[in-house]
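Enquirer: here is a sequence together with a model predicted from it:
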Amino acid sequence: MKIGVSGASGHLGKAVVAELMARGGGHDIVGISRTPEAVRSGAVRQHGDYDRPETLAEAYRGLDRLLIIPSSDTRPGLRDRHFVTAIDAAVAAGVGQIVMMSSAATRAVDAAEMFASYFTGEQHLMRTAPRWTILRMNYYAESFAQVAAMSLASGILAGLGESRVAFVSRDDVAVAAAGILLGEGHAGAIYGATGPAVVTGAERAALLADIAGKPMRFVVLDEAQLRRGMAQAGVPQQYVQAMIDIEKRFVAGDFDVVTGDVARLAGRFPRTLSDVLAKQLAALAPRSVPV
C-alpha cells in the first residue's frame, strides 16, 4: 500500500511518518511538503505546496491513502482554501481514502475564527471524497506546555474563564492517525483524539505548581487584559488572535470531551497532561514561544 502524509515536515507530520515507518508492513510511505528536504529520512520525499495545486496533483498520484494535515498559518481564509485545494487534488488524483486532521472545536462559526477552516474542510471532504475519515484532535498538551513555561515567571496562568480541556499529546495523535492509515473499517468515521481526562484551569495551575516547585494560580481576565498579557509575555502578534480564539472555545466547552479513540486506534492509552508537562518543561526555556 502507498500511504501519503501531506504536511510531513511539521511536528505532527514528522511524528506520523516516523510511526508509519516504525510499524513496517512493506508499505511505501510518502512524505509530502513544500519543503521536502525536511521530511524524515527513509520516506519517499515529494514536493507538494497547498498554494500550488499542480504540485499536489503530482504528489498525490498513485496514493492508496492520504493524510491531510493543515498548514500552521492561521490567517482567516487561508486554511479554508488549503483544505479545499488539497481535497480536490486528492480526489482528482484518485486517492483511495482521504484522512483529514481536524479539531475538536469544529462547527459552523464566524469566518474570521481559526476554527472556521476545519468546518469548511470537513464539509468539503464529506461532499466530494468517495472514502474519507476525520480525526478531530483536542488541544495539544505540548502547546499548553509552552504557554505554561511563559507563565512561570509571573506565577499566573490566565484564561478568559474556567474551562475543561482534555489535552492530548501530539505523539498520541500521530499514532492514532497512523492507526487509521494502516487499518481497515474507518471509512466514514469521525474520531476524537483526546487525552484521558479533562483538566480545569485551576487544576492546570496546580499541576504546573507541583512540577515547577513554585506557587501558581489560575486567574480569569477579560479579552483586552489577556491580549496585553500575551504581548508582555512576548507572544508574537500573529499568534495572539489564534490563542484568543482557542481560549473562547475552551470556555465554550468545545474541548470538554473525552473519548477512547486514541486507545482504540493507537493500541495504547493516551498520556496524561501531567506526564507531558513534566517532560516538556524540563526541555523548554521559561520564555519559549508557541509554534
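Expert: Alright, I've got the coordinates. Residues are numbered from 1 along each chain as shown.

Enquirer: middle-most residue in this structure, spatially?
Expert: By Cα atoms, centre = their mean, the chain has its centre lying nearest to M137, at 5.9 Å.

Enquirer: identify the residues contacting the closest residue to it other than its chain neighbours.
Expert: Excluding its sequence neighbours, the residue lying closest to M137 (Cβ to Cβ, 6 or more residues apart in numbering) is A193, at 4.5 Å. The C-beta positions use only the backbone N, C-alpha and C, and glycine is treated the same way. Residues in contact with A193 (Cβ atoms under 8 Å, 6 or more residues apart in numbering) are 135-138, 168, 172-173, 176-177, 259, 261-262, 265, 270.

Enquirer: please produce TSV containing the residues you listed, extended by pLDDT, secondary structure and distance to S72.
Expert: Formatted as TSV, those follow (pLDDT from 0 to 100; DSSP: H, G, I helix; E, B strand; the rest coil; distance: Cβ to Cβ, whole Å):
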residue	pLDDT	secondary structure	distance to S72
L135	98	strand	17
R136	98	strand	18
M137	97	strand	14
N138	98	coil	18
V168	98	strand	18
D172	98	helix	19
V173	98	helix	15
A176	98	helix	20
A177	98	helix	17
T259	98	coil	25
D261	98	helix	24
V262	98	helix	22
L265	97	helix	24
P270	98	coil	23
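
Enquirer: tell me the buried residues within the residues you listed.
Expert: Applying 16 or more other Cβ atoms under 10 Å to the contacts of A193, the neighbour count classes 135-138, 168, 172-173, 176-177, 259, 261-262, 265, 270 as buried.

Enquirer: for the residues you listed, which one is nearest V198?
Expert: Here the nearest of the buried ones among the contacts of A193 to V198, counting by Cβ to Cβ, is N138; it sits at 9.2 Å.

Enquirer: ramachandran angles for that closest one?
Expert: Main-chain torsions, N138, degrees, to the nearest 10: phi -80, psi -170.

Enquirer: isn't it right up against S169?
Expert: No - contact criterion Cβ atoms under 8 Å: N138 and S169 do not qualify, at 10.0 Å.

Enquirer: for the residue nearest to M137, give me phi and psi.
Expert: phi -90, psi 110.

Enquirer: re earlier: quick one: the residue nearest to the centre of the chain and L12, what's the gap?
Expert: For M137, the distance to L12 (Cβ to Cβ, to the nearest Å) stands at 9 Å.

Enquirer: quick check: neighbours shared by the two?
Expert: Contacts common to M137 and L12, judged by Cβ under 8 Å, 6+ apart, are 101, 173.

Enquirer: for the stretch 1-150 of the chain, what are the low-confidence residue spans?
Expert: Applying pLDDT under 70 to the stretch 1-150 of the chain flags no residue at all.

Enquirer: mind listing the helices for it?
Expert: 11-23, 53-60, 78-92, 116-128, 141-151 (DSSP state H, counting those that start in this stretch).

Enquirer: okay, buried residues for the first one please.
Expert: Spelled out, it's helix 11-23. 11-21.

Enquirer: same check, this time on the third one
Expert: Of the residues in helix 78-92, those with enough neighbours to count as buried (16+ other Cβ under 10 Å) are 78-80, 82-91.

Enquirer: ok, R127 to P53 distance?
Expert: R127 is 18 Å from P53, where distance means Cβ to Cβ.

Enquirer: what's the answer for A15, then?
Expert: For A15, the distance to P53 equals 26 Å [Cβ to Cβ].

Enquirer: any chance you could map the strands in this protein?
Expert: Here the chain has its strands, by DSSP state E, at 2-6, 28-33, 44-47, 65-68, 97-103, 132-137, 156-159, 164-165, 190-193, 199-200, 217-220.

Enquirer: direction included, what does the first one pair up with?
Expert: Looking at strand 2-6 with DSSP bridges, its partner strands are strand 28-33 (parallel), strand 65-68 (parallel).

Enquirer: can you state the direction angle for the first one and helix 78-92?
Expert: Meaning strand 28-33. Here strand 28-33 points in a direction 150 degrees away from that of helix 78-92 (axes from the mean of the first three to the mean of the last three Cα atoms, to 10 degrees).

Enquirer: what does strand 28-33 rub up against?
Expert: So strand 28-33 is contacted by 1-10, 13, 17, 20-21, 39-40, 42-48, 56, 59-60, 63 (Cβ under 8 Å, 6+ apart).

Enquirer: domains of the protein?
Expert: The chain breaks down by automatic domain parsing into domains covering 2-137, 138-169+194-256+268-291.

Enquirer: so which of these is the most surrounded?
Expert: Among the domains of the chain, the stretch with the highest mean neighbour count (mean count of other Cβ atoms under 10 Å) is domain 2-137, at a mean of 20.

Enquirer: please consider this matter closed, and thank you.
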